Every structure is written in C-alpha cells, then in structure tokens.
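[1] I would like to see how this sequence folds:
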Amino acid sequence: MAPRRVLPGITSTTRRLLDYWRDPERENKLFFCQIEALETCIYITEAANKYGDAWIDSYLREQNAEAGSALPRLALKMATGSGKTVVMAMLIAWHVLNKAANSQDARFSDSFLVVTPGITIRDRLRVLWPNDPGNYYRERDLVPADLMSGLPRANIIITNFHSFALRERTQASRLTKKLSGQEESGVSKESPDQMVRRVCRELGTRRNVIVLNDEAHHCYRHKPDGETVTLIGDERKEAEKREEEARLWINGLEAVQQKIGTRAVYDLSATPFFLRGSGYTEGTLFGWVVSDFSLIDAIESGIVKVPRVPVEDNSMIGPIPMYRHIWPYVKDALPKKGRKTEPADGEPKPPKELEGALESLYENYRKTYDTWAADTEARSRGRTPPVFIVVCNNTNVSKMVFDYVAGWEKVLPNGDTVLVPGKLPIFSNVQDGRWTSRPNTILVDSEQLESGEALSDEFKRMAATEIAEFKQEYQRRFPGRDADELSDEDILREVMNTVGKAGKLGEGVRCVVSVSMLTEGWDANTVTHILGVRAFGTQLLCEQVVGRALRRMSYTVNDDGLFDAEYAEVYGVPFSFIPTNGAVTRPKSTATPTRVRALEDRLEKEITFPRASSATRYRVGTERLTAKFGPDTTVTLSTADIPTVTENPADHRRKQHSYARRPQGPPHARGRVSPREGDPRTLLPRRRRRAGGERTGSPL
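    Model prediction:
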C-alpha cells in the first residue's frame, strides 16, 4: 500500500476508499479519469465549504436555476469507453459506506434511483446491485474486504425514464373518476405522486435519495426564451421527439424531488451538450459539468480505439471523400418513409453509392475477420468475431440493406420461392439454398426495444426467420426452459445485449443492421466497422454513433508497458473529432497530358477498353448475366462517380502512440503528478478542461 496522503476535510471512510483506489499495487487498476471524477465529487461534497470554496455550490445552483430546474445536479463528462458504469459503482460505494459509518451524516444516502435512457442500459446496470453475481464492487475490486459488509444496506432502483410516464388507471374508484372528469370513459391517469410511489415503491419510507442519470444529455428543459432555429423534415421530427422525451425525464425527477426528496443528482454522459432545437446554442455544455474527460483525451490516453474516417479517395465528386458523408449522395434514391407507411419489398437495390460503400467497407472488414478466424488461440479463449454495424434512417432502408447483405426470399414467376444469398458472404444468412441455423446478420429496431414497446407486426414479419432461429438456439442452450414463454422482444433484446459475448445468444453475430439505434448504451467491444446511412445534423450524434465502436477489446500491455493501438473504421458519419481528418485538398497536376489515338486513316479500326487495376473488383452472383450489343451500344466504366480506393489513415500525430506519456497498467490506471501535501485542493485534478479547451486549476 502506498503511503497515505494528507487529505484534510474528508471522512476516514472516504480517505480509506481513495487510498484503496489509488494504490499502485492494485492488480485491477482503475482509469485515472475515473478516480479524478470521484475526487471532484468528494471535494465538492465534503471539503469545498470548509476551505473557502462555498461559491461552487452556489454556482451549481445558479446554473441549474438558469436551466429551469431546482434539481441539485452536477455532471461528470466521461468519454465513451472510459468506464462510466464503474464511476457509478464508485459513487454508490462512497455514499453507502459513509452512511453506514455515520447514519446521521446528511451529506450521504444509502438510497439510490438510477435512471437510464432505455432497457438495454437498464439491464446492463444490474452490476450495480451488491447482490448481483457479477457486481462491480467485487469484480472491479472497488471496496476493501473489511468494508464489504456495509454494501448490502444500499437500496438501489434501476429504471428507464419511460417509467416516469403517467399511466392509465382503469380501476379508479367511482369518486376518483367523478373528480377527474372521466367518469364516462372509465379511465383516469396517475398523478405525479402516484407515479413516484409506483417507481420508487422498493425504497419504502426512505427519503432524500441519490439520483444517478446515465446518458444524462437526454434530461433537460427547453429554454423558453432561447435561440430559435428553423428545422425541417426529419431533423424537426427528431428534435420534437428528443424534447418530448427530455421533458418526460426531467418532469419525473422533479416529481421524485417533491415527493421524497433528492440529496444529489449525478449526471453521467460522454456528451452533456444541448442539441439544436433545445433553445440553447447547439453544442452548449451543461452549466453544471464539474469534471471533463473528452474523447480526444481518451484517444490520446489509449483508453479507447482510434476512429478512422475517410480522408481521401480517387473519385472526382466533391471536396470531401464520398464515403466520409454518403448521405447527400443517396438520400434522394432511398425510401423516404418507413414500412408502416409505404412498405417496400422485392429485390434489394441500394443506390450505387451505397452499394459501393458497403462493398468497400466490407473488403476491409473481411481482412479483420480473416485475422480473427486464423487466431485459433483467441477463439479458443472465447474471442467472438468482429462486428459490422449499419445505422439507417427508417425501416424500409434497413430492410433493403439487410436483404442485400444477408439474403432474401425471391418469388419466381410460377409462384415458387427461392432463397437468394446475401451479396456480402460473411454476413449472409443463406447458405446452400437454406437459412443458416444461426443468423450472421440481425435486423433491429431499437427505438421500440429500448422503450419497452411491443414490436410492430410489420417488424416481426421482417425478422420472423431470425426470431425463430434464435428461439431454437435458446432451446438448445437451455433444454429445461420453454422458449415460447419468451416474447419476440425478449429474444431480440437478449441477442442485441449479448453481441460479442462468448456463450451467449449473440456471440456469433457479425453484422447488425439497425434503425435509429446504437447511439448509446450498447457496450459490445468487438465492433470494428460502422456505416451510417442517415442524416447527421450534429457532431453530438456523430460522436454517439462512433462511440459504439470505441470500446477496447484488450487491456493487455505490450513489452513497453503500453497498450497496442486498436482502430475502428467509420464510413458515412461526418465526425470531425480531429482537425487533420477533415477534407483534403487534392493537389493540382502539373503534368502535360498526352493523347494517344488511332491514325486518321484507320479510325474505323479503333478499339477502346477500360483501364482496370488490381484494386478494382466486381463480384458476379450466381445468376447468369447476358447482354445484347448493337451498332450504337456504348459502355462506360469510370471511377469519376464511385471511388474505388478510399483511405482511412490514423492521425499521423498519434502513430507513435502519444498516449504513452502517462504510465499505464491493465485495465488502465495512471495518476497525475502528486500535488503538495496538506493542501485541501489535493482532491482536485491538477488540470480541468473547460468548454473551449482552456485549462484551469479551479474545481470547475
């Protein structure tokens, strides 16, 4: 154990936890950014008011009031992949162990309400329950053995914000119906107090709970006199939907505060920004952010994969590579509405630009897949195949892409049907004229899955084959269980949650085609390729989607004591996280062109043909191709419209792994230079990033 640091103003329990988390001899080391986030919360809660920094609490109250809420919120900005769930477990341990040591200390609580944006995250956060077999307190070694006995007193409710919706009460009494003015319909809605009693029933009579908001950028109130932005089409619909959900979330928390009280609200998010249409300037950081660990910091520190986006290609279309932002080239050729409005079936015919992007990114994926397939040792240890994600804008587009990559059922003129394999063999669900026993590609509509709604009949029809096969797989894995008791939603949610996890239903999935999905909460660390087929109106959305591929697969250090770099290839997401990955100006050619042509008197014998390179490949399916040529037949093959070469280089400044500047250890723990002893501010990180990139020594 390292020598104990002098940390005035904090409890002995807090000091014990900090020493335990910072112990350089720990086998399961913590990320330095996780410890810094906790130190900031500890300083604000335990030490700031004692050492002349009472202004911090006043500042946070002012910022929350300006945002239209009296909730005691403070936010921790942590990049995707930097371990927000571990930080949540550390916050819970800090509070509940201090409450166990001194039940009269009003700064702490042993009652917690964890709120998530969807069911996927809600299910994954079971690791926060001390009695869960995989709880993080033991698995990540967050609590000393002699303090573990205090954890069971924690009362933790984990829910998704949709539970804050006021539900209909069909069994209302006659008097209740009369008072509510709904006697004729026989239906009444819950009051906010009744909703809180339902959501927080397991807390019993406990009051003043600690609220943990996961992906808290969904929780805000529209600024009534704020900036007005004119939005149209899909952007307007998305903004309206976001605002409705944000209003439901924050109204629910305020109802909890009024009914049972809130001691503190901790917001955790990689992107705690206001979006366009919220009344705030797009990209404005939440005013109550107290700790900032950005994506650039995470990339430079080696905590996450390095995203690589196209920076150059050989097409002559525009100033930026086509596959960097493919949406403007394909949006007019894609179905405008989902299948509920205009169902489209038949042969999948994506626009040539989209087909080119799929083929190009697939060729790169194939190399990654072949490397995985050849590594028998890794596969024997449970390493699952790399995952390719396609994010679409509606269900018609997702079905077309799904059929193209995974295969489809073709109806012949005589009424018979035949299975057509997918154009991308590794992802095909059709082999030898039959559906595979275990789908390689799945189709997901997460908007319905995340909210807990029942899947539409149309979507069930689209995914009927995959659902049936996964039920059969479930039956084989668990012979004593009845798969028919599981709903289709349960099956698809289980598959989605277990992609990349050995021994689970989703372990063999190689491609996920989704609708409005994977912006957050999906923690598969085997994602290596992403293709966006939708509009991206904000960099926030770009960062959320790219974040699905940034979780590292390995935390094993190399011979130099560093992590080997891991990469994620991204098409179709115009993400500008690094300035050098912007548009590349093509140099002007200074060569004088020379025209080679037939002699004038032999023009009738001229033969023209395309120039093909080894990098140009065209895959021909099983169907026979026929063509009839006439005197006026002209066939032109050109790379002017569709790129045949696309480069996704890593930023040259990071090729030397600049994150080596900080000492590392599995799974990643690096401390800053130790500040002077005896200073109450030693609980604060040495540097803190503010909006705009400036550095300051203050807590904020």
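[2] show me what the host helix or strand of residue 244 is packed up against.
    Assigned by DSSP states H and E, residue 244 belongs to helix 233-259. In terms of contacts (3 or more C-beta pairs under 8 Å, 6 or more residues apart in numbering; DSSP states H and E), helix 233-259 is packed against strand 111-116, helix 192-199, strand 209-214, strand 262-269. All C-beta spots, glycine's among them, are computed from the backbone N, C-alpha and C.
[3] now that helix against strand 209-214, angle please.
    Per axes from the mean of the first three to the mean of the last three C-alpha atoms, to 10 degrees, the angle that helix 233-259 makes with strand 209-214 is 170 degrees.
[4] just the mean pLDDT for helix 233-259, thanks.
    For helix 233-259, mean pLDDT is 87.
[5] which parts of that helix are buried?
    235, 238-239, 242-243, 245-246, 248-257, 259 (16 or more other C-beta atoms under 10 Å).
[6] one step back: how about the helices and strands packed on helix 233-259 in CSV, adding mean pLDDT and distance to residue 533?
    Shown next, in CSV, are the helices and strands packed on helix 233-259 (pLDDT from 0 to 100; distance: least, C-beta to C-beta, whole Å):
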stretch, mean pLDDT, distance to residue 533
strand 111-116, 96, 27
helix 192-199, 94, 37
strand 209-214, 96, 27
strand 262-269, 95, 26
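[7] and those as CSV, adding mean neighbour count?
    Below are those laid out as CSV (neighbours: other C-beta atoms under 10 Å):
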stretch, mean neighbour count
strand 111-116, 25
helix 192-199, 16
strand 209-214, 25
strand 262-269, 23
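[8] now render these as JSON lines, adding distance to residue 231.
    Formatted as JSON lines, the helices and strands packed on helix 233-259 follow (distance: least, C-beta to C-beta, whole Å):
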{"stretch": "strand 111-116", "distance to residue 231": "27"}
{"stretch": "helix 192-199", "distance to residue 231": "30"}
{"stretch": "strand 209-214", "distance to residue 231": "26"}
{"stretch": "strand 262-269", "distance to residue 231": "23"}
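[9] tell me the secondary structure at the residue of the chain positioned farthest from its centre.
    In terms of distance from the mean C-alpha position of the chain, residue 601 ranks first, at 66.0 Å (C-alpha atoms, centre = their mean). Three-state assignment for residue 601 (DSSP: H, G, I helix; E, B strand; the rest coil): helix.
[10] now residue 370
    helix.
[11] that one and residue 363, how far apart?
    Look at residue 370 and residue 363: by C-beta to C-beta, to the nearest Å, they are 11 Å apart.
[12] check residue 62 too.
    Residue 62 is 54 Å from residue 363, by C-beta to C-beta.
[13] can you check residue 352 too?
    Relative to residue 363, and taking C-beta to C-beta, residue 352 is found at 16 Å.
[14] kindly report the same for residue 28.
    For residue 28, the distance to residue 363 - C-beta to C-beta - is 39 Å.
[15] ok, residue 196 next?
    Counting by C-beta to C-beta, the separation of residue 196 from residue 363 is 54 Å.
[16] how about residue 271?
    31 Å.
[17] one more: residue 29?
    Distance of residue 29 to residue 363, given as C-beta to C-beta: 38 Å.
[18] now residue 557
    Distance from residue 557 to residue 363, by C-beta to C-beta: 32 Å.
[19] who has more neighbours, these two?
    Each of residue 557 and residue 363 has its neighbours counted (other C-beta atoms under 10 Å); residue 557 has more, 16 against 13.
[20] for stretch 48-60, buried residues please.
    48, 53, 56, 59-60.
[21] mean confidence score for that stretch?
    93.
[22] how far does that stretch sit from its chain's centre?
    Relative to its chain's centre, stretch 48-60 lies at 34 Å (C-alpha atoms, centre = their mean, to the nearest Å).
[23] can you give me the end-to-end span of it?
    Terminal residues of stretch 48-60 are spaced 13 Å apart (C-alpha to C-alpha, to the nearest Å).
[24] also stretch 120-140?
    For stretch 120-140, the end-to-end distance is 21 Å (C-alpha to C-alpha).
[25] what comes into contact with it?
    The set of residues external to stretch 120-140 that reach it, using C-beta atoms under 8 Å, 6 or more residues apart in numbering, is 28, 30, 85-86, 88-89, 92-93, 112, 114, 116, 142-143, 148, 151-152, 154, 156, 158-160, 214-215, 446, 449-450, 493, 496-497, 520-523.
[26] for it, buried residues please.
    120-122, 124-125, 127-130, 135-138, 140.
[27] what's the farthest-apart pair in the residues you listed?
    Maximum pairwise distance in the buried residues of stretch 120-140, criterion C-beta to C-beta, is 23.5 Å, between 120 and 138.
[28] now for the chain, the helix or strand with the poorest mean pLDDT.
    When the helices and strands of the chain are scored by mean pLDDT, DSSP states H and E, strand 695-696 comes last with a mean of 33.
[29] re earlier: buried subset of the contacts of stretch 120-140, written for PyMOL?
    Selecting the buried subset of these in PyMOL, with 16+ other C-beta under 10 Å as the burial test, is done by:
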select buried, resi 30+85+86+88+89+92+93+112+114+116+142+143+151+154+156+158+159+160+214+215+446+449+450+493+496+497+520+521+522+523
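[30] which of the contacts of stretch 120-140 fall within strands?
    112, 114, 116, 156, 158-160, 214 (DSSP state E).
[31] from residue 512, how far off is residue 121?
    On the measure of C-beta to C-beta, residue 121 and residue 512 end up 17 Å apart.
[32] what's the neighbour count on residue 560?
    10.
[33] phi and psi next, for it.
    Main-chain torsions, residue 560, degrees, to the nearest 10: phi -90, psi 0.
[34] measure it to residue 130 for me?
    Separation of residue 560 from residue 130 (C-beta to C-beta): 38 Å.
[35] for residue 640, which of the helices and strands packed on helix 233-259 is the nearest?
    Closest approach to residue 640 among these (C-beta to C-beta): strand 262-269, 43.1 Å.
[36] what angle do that closest one and strand 209-214 make?
    With the same axes, to 10 degrees as the basis, strand 262-269 and strand 209-214 are set at 10 degrees to each other.
[37] and strand 262-269 with strand 111-116, angle?
    Interaxial angle, strand 262-269 versus strand 111-116 (the same axes, to 10 degrees): 30 degrees.
[38] strand partners of strand 262-269, parallel vs antiparallel please.
    Sheet partners assigned to strand 262-269 using DSSP bridges are listed as strand 73-78 (parallel), strand 209-214 (parallel).
[39] got the CA coordinates for it in PDB?
    Below are the C-alpha coordinates for strand 262-269, written out as PDB (Å, rounded to 0.1, in the frame of the first residue of the first chain):
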ATOM      1  CA  THR A 262     -33.200  14.200  -3.700                       C
ATOM      2  CA  ARG A 263     -29.900  14.500  -1.900                       C
ATOM      3  CA  ALA A 264     -27.900  14.900  -5.100                       C
ATOM      4  CA  VAL A 265     -28.300  14.200  -8.800                       C
ATOM      5  CA  TYR A 266     -25.200  12.900 -10.600                       C
ATOM      6  CA  ASP A 267     -25.300  13.200 -14.400                       C
ATOM      7  CA  LEU A 268     -23.000  10.900 -16.400                       C
ATOM      8  CA  SER A 269     -22.600  11.400 -20.100                       C
END
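[40] can you tell me how far the residue nearest to residue 137 when sequence neighbours are not counted sits from residue 25?
    In space, and not counting its chain neighbours, residue 137 is closest to residue 143: 5.0 Å by C-beta to C-beta, 6 or more residues apart in numbering. Residue 143 sits 17 Å away from residue 25, taking C-beta to C-beta as the criterion.
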